[in-house]
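[1] Need a 3D model of the sequence below.
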Amino acid sequence: MLASDRMISADLVLQRAAARRLADRSGTSRSARRYRLELGPALPQRAFASRPVWTWRYCESAADAGPYEDVRVDIALKLVALATTVLTVTGLCRRFNLAPPLVLIAVGIVASYLSFVPEVQLPAEVVLVGLLPPLLYSSALNTSLVEFKANRRPILMLSVGLVVFTTLGIGVLVHLLLPTLPWWAAFATGAVVAPPDAVAASAIGRRIGLPRSIVTVLEGESLFNDATALVALRTALAATISVAAVGLDFLIAAGGGIVVGLAVTFVVARVRRRLTDPLLDSGLSFVTPFAAYIAAEEIHASGVIAVVVAGLLLGHKAPILQTAQSRIIERANWSSIAFLLESAVFLLIGLQARWIIADVLAGNLPFVQVLLICAAVLVGVIVLRVVWVFATRVSFLREPTTPLSCTMIVAWAGMRGVVTLAAAFLIPEDTPHRDVLLLIAFTVTAGTLFLQGFSLPWLARRLRVPAPDPAADALARAELLNQASQAGLAALEALDEADPHNVSGQIRRRLEYREFVAWEQLGSGTDETPTETYARRRRLMIDAERGRVLTARNTGTVPHEVVVQVLTILDVEESTLDYSQRERDRLRGEHDPLLAREGDCDHLRLAPPDIAPQTPGQCPACAALGIAWVHLRTCLTCGNVACCDSSPERHAHTHYEDTGHPVMRSAEPGESWRWCFVDRLTG
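    Predicted structure coming up:
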């Protein structure tokens with residue numbers, strides 16, 4: 001093991017398993033087995049090895065365990081420090097609008113040189129078995145299977161073709177730079193640096209507001225390219241440099257992974273159909289990625305593909321298989337898990353810097369030569385991706401309608417991540433220049449994250465790549481909610497039962513209010529809408545209600561379970577109000593483009609795009625009554641200006657009922673969407 005200052009071996013799980021087998025053979029009872037963290041001498045071959053080395057040693061009896069409890073506390077403190085650092089840095093980044101992944105890596109690099117920070121090494125088993133399955137599963141759950149299928153050609157060209165192309169290209173380059181390195185080690189290095197990272201693509205791509213089609217391609221690529229790279233790495237380590245062998249190995253790994261993923265999906269789906277307890281469902285969700293990964297690896301298939309297939313299918317089927325409460329809890333749980341793991345991964349990448357550089361300094365090659373080799377490989381990785389993306393765009397993808405700016409963004413968004421470092425640790429320790437190969441992996445990971453991560457926002461602005469429009473999303477949301485409401489009302493009308501208490505009327509009013517909220521979010525004005533007034537006053541009431549409940553709780557006159565139930569009811573209502581307000585704040589000031597989505601509506605197709613309003617800027621009917629309106633709409637037949645359905649009198653709808661004019665247009669500044677009263681469609 002390499003020397004370190006205060007190094008906790010992350011292979012503890014594997015060592016404990018070996019110790020259990022040893023104890024079983026020697027007859028030692030499980031209750032007597034302990035582990036002790038012993039202080040060992042610094043190894044002389046390591047540069048900067050002046051701090052002590054910490055390693056795990058198996059102890060035969062409890063009496064021999066020594067400071068076992070102190071060790072556990074020490075490990076717990078380090079984990080708490082890691083989580084605290086992640087939360088603090090991420091919070092500061094959000095406050096000052098910085099990219100958390102890049103800042104966390106920088107913090108990790110600096111921290112690795114601080115004397116009081118223990119040296120951290122990430123064994124491949126910890127990353128590939130402990131971190132990769134939940135990260136891939138969380139990303140797959142949130143990936144649209146429909147969009148993935150629509151973009152499967154570019155995704156496969158990137159996740160398979162580009163990885164093989166990069167593996168071969170970098171393998172040749174590394175062998176030229178290090179002639180004494182065996183060919184199998186050179187190609188192994190190419191496989192190590194080939195796959196971009198799913199976490200980096202999602203974190204940076206969504207933060208800078210890339211188009212959803214680009215994010216879908218990048219996420220789809222990063223979900224599957226790890227499998228291709230690991231198969232290529234395994235083949236290279238076996239010294240089997242054969243196209244047929246690589247192809248057969250990949251087909252077996254991919255096919256087995258797909259089969260295992262489908263099998264896990266089938267089992268989980270069958271179980272979920274019988275589960276109504278959200279807690280049990282949440283526990284099943286936590287087990288699923290590890291079960292899929294381990295089951296696939298046990299049969300020498302791709303655990304990565306098994307996890308991704310299970311995540312994609314279960315995420316797509318979630319509205320059918322799970323209860324509403326289970327889906328809400330699962331989304332919240334996986335959001336928290338993914339946030340902590342993703343952030344911790346970037347910090348851990350930076351913490352590898354010191355010991356990797358120290359090993360290179362203790363090696364035989366001049367450090368300047370090593371730096372030039374690392375820089376050359378970094379440039380090679382970037383150039384090979386650009387060449388492949390543009391070549392496949394012309395030759396294979398055959399999508400001439402795709403703008404060159406979007407192609408350039410895909411070509412430049414090749415950030416690597418922790419899988420590259422983990423795969424590098426799989427290279428045998430007796431490999432010539434292994435320390436240089438590890439530094440190459442670290443340089444490519446950190447270099448692509450910093451170079452491409454920092455420049456990607458600038459490049460997107462320079463190329464004028466359109467970001468998702470929140471106003472367009474709000475319009476699509478309002479339209480979809482309207483379609484859902486119409487389906488619900490049709491189901492309500494189909495009920496053949498008495499309604500003495502006019503429950504159907506109450507349901508209709510609630511649906512109308514939900515639609516009003518959605519349509520009001522499209523307004524670009526600064527005045528408070530009725531929905532915002534309702535939310536502000538209702539939050540004021542909820543604060544008072546919660547205070548009264550807490551007073552009752554303190555008196556002890558109400559059972560605790562009842563208090564919790566009432567507080568939960570208030571929390572759920574307040575969270576709904578907060579979400580609506582956040583969406584409104586996000587949309588304020590945004591302008592939506594014209595959405596040409598008339599579909600099968602003849603009224604929208606035949607109506608003019610605009611018309612001169614009769615009374616610009618006001619609703620004459622509201623003005624005559626002396627009341628305020630919320631938003632204005634213009635009739636595209638006669639130019640009449642009237643107030644929207646969120647206004648008290650709903651004069652636009654009244655105008656349609658009186659005249660039969662089918663289409664109106666938003667009269668708010670910066671808005672261009674239209675609405676057909678007959679077919680209830682937007683355009």
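[2] What are the buried residues along stretch 547-556?
    Residues 549, 553 are the ones in stretch 547-556 that count as buried (16 or more other Cβ atoms under 10 Å). No exception for glycine: its C-beta is placed from N, CA and C like everyone else's.
[3] contacting residues around that stretch?
    558, 560, 563, 566, 567, 570 (Cβ atoms under 8 Å, 6 or more residues apart in numbering).
[4] Most neighbours among those, which one is it?
    Ranked by the number of neighbours (other Cβ atoms under 10 Å), those place residue 566 first, at 17 neighbours.
[5] residues touching that one, list them.
    residue 549.
[6] Kindly provide the distance from it to residue 534.
    21 Å (Cβ to Cβ, to the nearest Å).
[7] Repeat that for residue 78.
    49 Å.
[8] Over to residue 361?
    Counting by Cβ to Cβ - residue 361 and residue 534 are separated by 66 Å.
[9] Among the contacts of stretch 547-556, which ones are in helices?
    Among the contacts of stretch 547-556, the members found in helices (DSSP state H) are 560, 563, 566, 567, 570.
[10] can you put these in JSON lines and add distance to residue 333 and pLDDT?
    Shown next, in JSON lines, are those (distance: Cβ to Cβ, whole Å; pLDDT from 0 to 100):
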{"residue": "560", "distance to residue 333": "25", "pLDDT": "91"}
{"residue": "563", "distance to residue 333": "25", "pLDDT": "93"}
{"residue": "566", "distance to residue 333": "24", "pLDDT": "93"}
{"residue": "567", "distance to residue 333": "21", "pLDDT": "93"}
{"residue": "570", "distance to residue 333": "22", "pLDDT": "92"}
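[11] okay, these in CSV with distance to residue 84 next?
    Formatted as CSV, those follow (distance: Cβ to Cβ, whole Å):
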residue, distance to residue 84
560, 31
563, 32
566, 34
567, 28
570, 31
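[12] and which of these is nearest to residue 118?
    residue 567 (41.8 Å; Cβ to Cβ).
[13] what's the closest non-adjacent residue to that closest one?
    Of all residues not flanking residue 567 in the chain, residue 549 sits nearest, at 6.0 Å (Cβ to Cβ, 6 or more residues apart in numbering).
[14] Mind picking out the helix or strand in the chain with the poorest mean pLDDT?
    strand 34-40 (a mean of 34; mean pLDDT, DSSP states H and E).
[15] Below-threshold pLDDT in the stretch 101-250 of the chain: ranges please.
    Residues of the stretch 101-250 of the chain meeting the criterion pLDDT under 70: 198-207, 239-243, 245-246.
[16] how about the helices of it, start to end?
    124-125, 132-141, 145-150, 152-156, 163-177, 183-193, 198-207, 212-237, 243-272 (DSSP state H, counting those that start in this stretch).
[17] Now the fourth one: buried residues?
    Of the residues in helix 152-156, those scored as buried under the neighbour-count criterion (16+ other Cβ under 10 Å) are 154, 155, 156.
[18] Repeat that for stretch 80-98.
    Neighbour-count burial for stretch 80-98 [16+ other Cβ under 10 Å]: 82, 85, 86, 89, 90, 93.
[19] again, but for stretch 429-445
    431, 433-445.
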